[in-house]
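[1] Okay, predicted coordinates and the sequence, questions at the end:
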Amino acid sequence: MIEGRGLTKIFAPPGKNRITAVDGVDIRIETGETLALVGESGCGKSTLSRLLLLLIPPTRGEVFFEGQDLTGLKEKELRLIRRKIQIVPQQPESALNPRWKISDSICEPFRIHPDALPPGRQPGEELEKLLELVGLEPEQAARYPHQLSGGELQRAVIARAIALEPALVICDEPTSMLDVSTQAAIVRLLQTLQHRLGCALLFITHDQGLAHAIGDRTAVMFGGQIVEEGRGILDRPFHPFTRRLTSTSDSGSLPCPEPQGTRVPGSCVYYQFCPEKTEKCLHRPELQECENRRVRCHNFATLDADT
Amino acid sequence: MTTILEVQQLHVHFPISGKVIRAVDGVDIGIMQSEALAIIGESGSGKSVLGLALLGLLPANCNVAGIVRYRGADLLTLSENELEMIRGSKIAWVPQNPAGAMNPSMTVGAQIGEPISLHVEKNRSIVRKKVLELLQFIRITPPEERIDSYPYSFSGGMLQRSLVAMGIAGLPELLIADEPTKGIDIMNRQAVSALLRILREKGITLLVITHDLSFARNLADRIAVMYSGRIMEIRDRKSFFNGPLHPYARGILRSLPENGLHPISGRTRESDKYDGGCRFRFRCTYTIERCKVEPPLITLPDGAAVRCWLYD
C-alpha cells in the first residue's frame, strides 16, 4: 500500500558535518498489517516516518502510496493523500494545542477536510463517536490538555488520528513515556481500532518486547539503514545488532553504547560496534534475502551456524 | 542489616483549588544499608513525590507530615542549612527528565563538579581530575574532550548517565534515582542499569523510583509497589517476579508485552475522593464487602508485606 524506495535523508546543518539520518531505505507496508520498526534513539526511525509522509523532503528516493508516486506532488495534492496517513507522536503534550480544548483538537481534521464528514453529519456527532472509540468521557474532551494525564492525552491524539478513517497510522513511540498498564491499554486500543477500521500500523518503538508483541513483521534499524527485516526476526535474530537487541544477558560490565574508534568510510554501519566483524565488513553489505527475511550482513550465515 | 533510612507514616498533601490531593498518604518503609530498593507504580501513584519529600525538595505549598529518620535525625524537622549538609553528600537525588534537569548554559563537567566542590574538595584542579574520572567511569569518552561540552550536545542516555555521575560525585551513601530509564532506548537502559549495579556493589544504597519493570528486575533486591499514595506490597525481588501477591501488582505484570499486554481495567480514583476503603477496590477483580475498610500492610511468614485482605 505504501512503499518507500531508496529513501535517503541527509541533513547538512551549516558549519557542521553532514548527517545521513536515513540511508537508502526500502520499506513496504501492506494494507491492514502492522510493521514494527525497532531501533535505538537516533537511528533514524522518526526521520523515516516523516519521509514517508513527505513532511520533510527526501534527499533521494521515492514514496509510493497506493501505486501513486508522492514525491513529485504539490502541497495541495499531498494534503488529500495525508488524509489517509495519520501520525501519533511520542509526546502527546506537544502535539495538542495547549490553548484549545481537547474536543477542538480532535475535530480539527474536519475543519481541514470538510468534505470528509458524511453528508448531514455535524462534527459534534463524529466527536461523540470518536470519544467512545478511544474511551474518553465527553467531560474530558471539554478540558484543556494540561488537565489530562499522559494516557488520556494519547487517547485524544489517537482520536484525532483516526477521525478521517486513515489507511495507515504511523505511531512514533506512542507509549515510551507511559507506565506499563497505560501502555497496555493504549496498545490494545490501537489494535482494536486497527481491527475495526482495517488500517495499517507502522509502530515505531525502541522496546523490542513491545515490537515482538504487536508486529506482524519487524524491521530493525541501525545507523539510518534497515539491517534486518521480516517475520519472527526477534525470535531468531540473524544480524549481530538484532542479536544484541534481543539478548537479555547482563554481564554486569558496563556496556558501551558509543562507537569504538572512528567510522571507516564505506564500511558496514555496524562495523564499529560489531563483535563479529571481519575484513569483508569494511565494504558495506547489501540486503540479502534469506528465509522470508532480509539481512544486511556479510557474515550472518556463518554466525547462524555457530549457534 | 541495619536500616539506613526509616520512613514512618509519611503524608504529602497538596491543597489545590479547594481539593486536597493526597499524593503520599501514609507510607511506611525502611531502606536497608547497601540494598537496592525499587519503588514501582503507575504515573501519579506518588512515587516521585515520596522521593522528593525524603530530601525536603517539595514546594512550600504542600503539607508534609510523618517521620523520615536518618542517622538519628528526623529529616523533616531539619532546617534548610542542615539539609544542605546532607543533600548531595549523604543522600543524593538523581532527577527524572535529564534534558530538563541539566543547566543548559553550564558545561556538563562544571555541573558534575558542583557537588564535589561543595562537599568534598575545593581545589579546582583536583575537582576537574575527579570529574574526568567520573566521566571515564560512566563511559563518556574521551573524557578530556567531553568535560567542557554543553548538555545540548549529549544524547538522552549520556545526559542520564551524567546525572548519575552528578549524584555520586559527592560520595553519598544513599542515592535516590527517579525514573532513570524513562524514555531512553535499550542500550542506554542497560548502561544505566549496569552503572547502578556497580554502585551497589561499591556499597552505595539505592532507592530507585521506576515504572520500568525489567529494569527493577535487573537491579533491585526488594520491590515496593505503590498505588494511589500507599505502599501495596513489599517483597524480595525474586518472589515478587515469580508471583506477586497484591491484585494490583499482578495487574501490572500482566500488562507487560511478554505477558500478553493485558491492561488493568478502569482508572485510578482521584485521591481527594478517598473514602477510607482499599484504594484499588474499584479496579480489582477480587473485591469483597470487607474492602470498604482499607487493609493494613499484612506481614507474611516469609517477610513479605501486602496490603490486601486476601492474605489476612
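    Noted; the coordinates are in hand. Residues are numbered from 1 along each chain as shown, chains lettered A, B, ... in the order given.

[2] Going by C-alpha atoms from here, please, whenever you check contacts or count neighbours.
    Fine.

[3] Enumerate every residue touching the spatially most central residue of chain A.
    Nearest to the mean C-alpha position of chain A, by Cα atoms, centre = their mean, lies residue A:204 at 3.2 Å. By Cα atoms under 8 Å, 6 or more residues apart in numbering or on different chains, residue A:204 lies in contact with A:36-38, A:45-46, A:170-174.

[4] And it, how far from residue A:3?
    Remark: distance between residue A:204 and residue A:3 (Cα to Cα, to the nearest Å) = 16 Å.

[5] Same question for residue A:36.
    Distance from residue A:36 to residue A:3, by Cα to Cα: 15 Å.

[6] what does residue A:130 give?
    The spacing between residue A:130 and residue A:3, counted by Cα to Cα, is 29 Å.

[7] What of residue B:30?
    Distance of residue B:30 to residue A:3, given as Cα to Cα: 56 Å.

[8] These two - which one has more neighbours?
    Neighbour count, other Cα atoms under 10 Å in any protein chain shown: between residue B:30 and residue A:3, residue A:3 has more, with 20 against 15.

[9] Assign a three-state SS to that one, would you?
    Per DSSP: H, G, I helix; E, B strand; the rest coil, the local secondary structure of residue A:3 is strand.

[10] What residues does residue 228 make contact with?
    Here I'm looking at chain A. Counting by Cα under 8 Å, 6+ apart, residue A:228 has contacts A:219-221, A:238-239, A:242, A:287, A:293-296.

[11] was after chain B, sorry
    Listed by Cα under 8 Å, 6+ apart, the contact set of residue B:228 reads B:23-25, B:44-46, B:268, B:271, B:279.

[12] what about burial for these, which qualify?
    Neighbour-count burial (16 or more other Cα atoms under 10 Å in any protein chain shown) applied to the contacts of residue B:228 gives B:23-25, B:44-46, B:268, B:271, B:279.

[13] near chain B, which residues of the stretch 51-200 of chain A?
    For the stretch 51-200 of chain A, the residues in contact with chain B (Cα under 8 Å from any Cα of the partner chain) are A:176-185, A:187-188.

[14] which one of these has the most neighbours?
    Most neighbours among those, by other Cα under 10 Å: residue A:180, with 28 neighbours.

[15] Next, the closest residue to residue A:225 other than its chain neighbours: phi, psi?
    Spatial nearest neighbour of residue A:225, excluding adjacent residues (Cα to Cα, 6 or more residues apart in numbering or on different chains): residue A:23 at 5.4 Å. When read as degrees, to the nearest 10, the backbone of residue A:23 gives phi -130, psi 90.

[16] neighbours around residue A:23, how many?
    For residue A:23, the tally of surrounding residues (other Cα under 10 Å) stands at 22.

[17] quick one: it and residue A:5 touch, right?
    No: counting by Cα atoms under 8 Å, residue A:23 sits too far from residue A:5 to count as a contact (10.8 Å).

[18] Quick one: the helices in the stretch 101-250 of chain A, in order.
    Assigned by DSSP state H, counting those that start in this stretch, the stretch 101-250 of chain A shows helices spanning A:102-112, A:123-134, A:138-141, A:150-162, A:180-197, A:208-214, A:240-246.

[19] Check the stretch 51-200 of chain B too.
    Under the criterion DSSP H, counting those that start in this stretch, the stretch 51-200 of chain B carries helices at the ranges B:80-86, B:98-101, B:108-119, B:124-137, B:143-146, B:156-169, B:186-201.
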